[in-house]
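>>> Any chance you could fold what I've pasted below:
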Amino acid sequence: MMAEALSGEKQLPAVDVLMCAYNYGSYVERALLSALSQEYPEQLLRVIVVDDGSTDDTAAVVSGVARRHPGRVLLISQANGGLRAAMNRALDEATADLVALLDADDVWLPGKTRVQVQALRDEPELGMVFSDMTVVDGQERLVRPSQVGNIGTFPRRALPFLLVQNVATQSSILIRRELVRPLPEGITYSDWWLALCAAELTAVAYLPEKLALYREHGANLTSSVTGAAAVREYRKEIRFHLWTLRHLGIERLSPPEIQQVWQAIELKAQRAAQANGSLIVELVSPEETDPAEAARLRAAAAQAADSGDLHGSLVLLCRALAWNPLAVGSRVELEAAVQTANAAEAEPDPFADASGFVVLVRAEELLADDRMLAGYATAVAGLADVTLAVDASQLAPDQAGRELQELISRLGLEDRDDLDILAVVGERSAAQRFRMRSSASAIYASAVPGEVQPGPPLLSPESVGELAELVRSRQRPAG
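Prediction:
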C-alpha cells in the first residue's frame with residue numbers, strides 16, 4: 001500500500017524519531033539525514049538522539065547535523081548504560097503523537113513516514129505498523145532483498161505471533177505514543193518490547209513494502225553467529241520469553257497458542273544445544289527462577305481447575321513454568337492442561353441457541369420465588385435479543401421442564417413474544433458451568449453480595465429494573 005499523498009496535512013500527527021547511538025560515528029549522519037529528508041512536513045518530524053557514552057565521534061557528528069537543521073534534532077548525551085537506559089531516556093523525551101524507531105546504522109527510504117502515517121490514519125484501530133526492509137552491508141550493497149522474509153499472513157491480532165517470534169525490527173516501527181511503556185529491568189529488545197506493548201491492546205499491521213535499509217555489518221551480526229555467541233543470543237531470547245509469560249496478558253491466548261509459545265522456547269533451547277555441540281548447556285540458571293512463586297501459581301491453578309476454569313488454570317500453569325522452568329514435571333503438567341482445556345472448549349456451547357444478550361439464572365432460585373420471573377418479565381418488556389438462560393443442570397430434565405412451564409403459566413406469561421427463555425438441562429461438567437457463568441452478559445440471583453465481584457454484572461429482584469439500560473448500553477455503538 002503506497003499512498004501517493006497525505007490528505008489533510010493540517011491534521012497530520014507529529015512524529016518523534018528515537019535513535020540510540022553508541023560508537024556509530026561512521027553511520028549516524030546517513031541515518032539522521034534519511035529521517036530528516038522524509039516526505040513529511042518538516043515541522044512535524046523531530047529526531048531524538050541519545051548518545052550512550054560513545055567513545056568515537058558520534059556525538060560530534062550528531063551535533064553537526066543538528067546545527068544544519070535547527071530545531072529538528074535533539075541530542076542527549078549520557079554515560080554508557082546500555083540499550084535499555086538509552087531507549088528509556090529517549091522515550092521520556094518523546095512528546096509527539098507517534099513514535100518511530102531508527103537504529104543509528106540504518107537508513108529510511110524517503111516515503112517511509114508518509115506511508116506508515118497514512119496506514120494509521122486509514123485504520124484507527126491500528127496501534128502500530130511495521131514494514132519489511134532491504135538488507136545491505138556497511139557500504140549499502142545488497143545482501144538480501146528482504147529482512148523479514150516470508151512470514152505468511154501477519155494477523156492483526158498479533159500478540160500470539162509476536163510472543164513466538166520478533167519480526168517487527170527496530171527501524172521499521174511506527175507506534176502510537178500512548179501505547180509505549182518503558183523497557184522493564186532485564187528487557188534488552190526495545191523493538192520486540194514495543195511491538196508487544198501495542199499488540200496487548202490494539203491491532204498491529206505489517207506493510208510488506210521495503211521502507212528502509214537494514215545495515216548488516218560486523219558490529220551488529222546476530223542471525224549468523226555460531227558457537228558460544230549463538231548460545232548467548234538464544235539465552236537472551238529465552239530470558240525475554242520467560243519475562244513475557246510471567247508478566248504480559250497471556251489470558252487472551254487460546255490453549256493452542258499458549259502451547260505454541262512454549263514450544264517456541266523449547267525450539268530455541270534445542271538450537272542452543274546444537275550450537276553448543278552438547279545437550280548440556282545452561283540457558284536458565286537457578287538464580288533466575290522463583291520456585292516459591294511457581295508453587296503459589298500451581299496451587300492457584302489447581303483451585304481454578306476445581307472450579308471449572310480450565311483456561312484460567314492453564315494460564316496460571318504457564319506462568320508457573322515461566323517462573324521455574326527447571327521444576328520437574330511442570331512441562332508435562334502444562335501439556336496435560338492444554339489438552340484438558342482444548343477438550344473443554346470443544347464441548348457444545350450451552351448458549352448456542354440464545355440471543356445476543358444472555359441473563360443467567362439458577363433454576364432452583366427462579367422456581368423458589370415467583371417474584372423473580374415476574375420482576376424479570378417486567379424489566380425485559382419491549383427489549384429485543386435478550387435471553388433468560390435457566391441453568392437447570394442440577395435438576396432432572398423432565399422435572400425442570402415441567403416446573404418451568406408451570407411457573408410461566410402461573411404468571412400468565414405464555415403469550416409474551418418478547419420473553420425468550422432457554423432451559424439448560426442435562427448434566428454439565430464444572431467447565432461448562434464455569435463457561436456459562438463467564439460468558440453470560442449478566443447474572444440474575446435472589447441476592448447479590450455487597451462487594452463488587454469479578455465477572456458479568458449481578459442483578460437481584462431489587463435491581464433487575466436496571467436491565468433495560470444495561471442491555472441498551474451493550475447494544476449502543478462504541479464511541
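>>> all contacts plus neighbour counts: C-alpha atoms, from now on.
Fine.
>>> neighbours of R319, just the number please.
R319: 26 surrounding residues under other Cα atoms under 10 Å.
>>> Read off the pLDDT value for the spatially most central residue of the chain.
Centroid check for the chain by Cα atoms, centre = their mean gives E200 as the closest residue, at 2.2 Å. Here, the pLDDT recorded for E200 equals 96.
>>> so which helix or strand takes in it?
helix 190-201 (DSSP states H and E).
>>> circling back to that earlier point, any idea how far the residue nearest to the centre of the chain lies from R319?
Computed as Cα to Cα, to the nearest Å, the E200 to R319 distance reads 17 Å.
>>> With D417 instead?
Distance, D417 to R319, by Cα to Cα: 48 Å.
>>> And the strands in the stretch 351-479 of the chain, which stretches?
Remark: strands assigned in the stretch 351-479 of the chain by DSSP state E, counting those that start in this stretch are 357-362, 386-391, 420-424, 442-444, 458-459.
>>> With the stretch 1-150 of the chain instead?
Taking DSSP E, counting those that start in this stretch as the criterion, the stretch 1-150 of the chain carries its strands at 15-21, 45-52, 73-78, 98-101, 107-108, 126-136, 142-144.
>>> would TSV of those with distance to K210 be doable?
Below are these laid out as TSV (distance: least, Cα to Cα, whole Å):
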stretch	distance to K210
strand 15-21	18
strand 45-52	21
strand 73-78	25
strand 98-101	16
strand 107-108	10
strand 126-136	4
strand 142-144	11
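>>> Any idea which of those gets closest to S441?
Among the strands of the stretch 1-150 of the chain, the nearest to S441 by Cα to Cα is strand 126-136 (27.3 Å).
>>> For the nearest residue to E364 once chain neighbours are set aside, grab the count of nearby residues.
Here the nearest residue to E364 in space, its sequence neighbours aside, is A392; by Cα to Cα, 6 or more residues apart in numbering that works out to 7.5 Å. Per other Cα under 10 Å, the neighbour tally for A392 reads 24.
>>> how about A392, what does it touch?
For A392, the contacting residues are 362-364, 400, 423-426, by Cα atoms under 8 Å, 6 or more residues apart in numbering.
>>> Just put those in a markdown table and tack on pLDDT, neighbour count and distance to P124.
Below are those laid out as a markdown table (pLDDT from 0 to 100; neighbours: other Cα atoms under 10 Å; distance: Cα to Cα, whole Å):
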| residue | pLDDT | neighbour count | distance to P124 |
| --- | --- | --- | --- |
| R362 | 95 | 19 | 42 |
| A363 | 95 | 21 | 44 |
| E364 | 95 | 14 | 47 |
| A400 | 92 | 23 | 49 |
| A423 | 93 | 20 | 41 |
| V424 | 93 | 23 | 41 |
| V425 | 92 | 20 | 44 |
| G426 | 90 | 15 | 46 |
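>>> Dump these into JSON lines; add distance to F351 as well.
Below are those laid out as JSON lines (distance: Cα to Cα, whole Å):
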{"residue": "R362", "distance to F351": "14"}
{"residue": "A363", "distance to F351": "15"}
{"residue": "E364", "distance to F351": "19"}
{"residue": "A400", "distance to F351": "17"}
{"residue": "A423", "distance to F351": "10"}
{"residue": "V424", "distance to F351": "8"}
{"residue": "V425", "distance to F351": "12"}
{"residue": "G426", "distance to F351": "14"}
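>>> Among those, which one sits closest to E257?
For the contacts of A392, the nearest to E257 is V424 (30.3 Å; Cα to Cα).
>>> just checking, that closest one touches A396?
No. Using Cα atoms under 8 Å as the test, V424 is too far from A396 to be in contact (11.1 Å).
>>> picking that back up, how much space between the residue nearest to E364 and L174?
Distance, A392 to L174, using Cα to Cα: 52 Å.
>>> Over to Y27?
In terms of Cα to Cα, Y27 sits 22 Å off from L174.
>>> Show me which of those two is the more surrounded one.
Between Y27 and L174, L174 has the larger neighbour count (other Cα under 10 Å), namely 28 against 20.
>>> so what's the more buried one bridging to?
L174 has these beta-bridge partners by DSSP bridges: A100, V129.
>>> need the contact list for it.
Per Cα under 8 Å, 6+ apart, neighbours of L174: 98-101, 116-117, 128-130.
>>> For the stretch 301-450 of the chain, which residues score under the pLDDT cut-off?
For the stretch 301-450 of the chain, the stretches with pLDDT under 70 are 450.
>>> try 90
Residues of the stretch 301-450 of the chain meeting the criterion pLDDT under 90: 344-356, 382-384, 415-418, 427-430, 432-433, 435, 447-450.
>>> roughly how far apart are the nearest residue to A301 once chain neighbours are set aside and A431?
Spatial nearest neighbour of A301, excluding adjacent residues (Cα to Cα, 6+ apart): S313 at 4.2 Å. Distance from S313 to A431, counting by Cα to Cα: 11 Å.
>>> count of residues packed around A300?
17.
>>> my guess is it meets G312, correct?
No. Checked against Cα under 8 Å, the pair A300 and G312 is beyond contact range at 9.4 Å.
>>> how close does Q170 sit to R121?
Going from Q170 to R121 by Cα to Cα gives 21 Å.
>>> neighbour count winner among these two?
Q170 (22 against 14).
>>> residues contacting P208?
By Cα under 8 Å, 6+ apart, the contact list for P208 reads 131-132.
>>> isn't there a strand covering it?
Yes. Counting by DSSP: H, G, I helix; E, B strand; the rest coil, P208 is found in a strand.
>>> how about low-confidence regions in the stretch 151-300 of the chain?
Applying pLDDT under 90 to the stretch 151-300 of the chain flags the ranges 151-153, 186, 188, 217-228, 278-283.
>>> now the strands for it?
Using DSSP E, counting those that start in this stretch, strands in the stretch 151-300 of the chain cover 174-176, 203-215.
>>> Those strands: which one's closest to L334?
strand 203-215 (28.4 Å).
>>> strands paired with that closest one, and their directions?
Looking at strand 203-215 with DSSP bridges, its paired strands and their directions are strand 107-108 (antiparallel), strand 126-136 (parallel).
>>> So for R410, which of those sits nearest?
Nearest of those to R410, taken as Cα to Cα: strand 126-136 at 53.6 Å.
>>> quick one: that closest one to helix 190-201, angle?
150 degrees (axes from the mean of the first three to the mean of the last three Cα atoms, to 10 degrees).
>>> contacts for strand 126-136?
Contacts for strand 126-136 (Cα under 8 Å, 6+ apart): 116, 119-120, 142-148, 168-169, 172-176, 179, 195, 198-199, 201-216.
>>> Which members of those come out as buried by neighbour count?
Taking 16 or more other Cα atoms under 10 Å as the criterion, what is buried in those is 116, 119-120, 142, 146-148, 168-169, 172-176, 179, 195, 198-199, 201-216.
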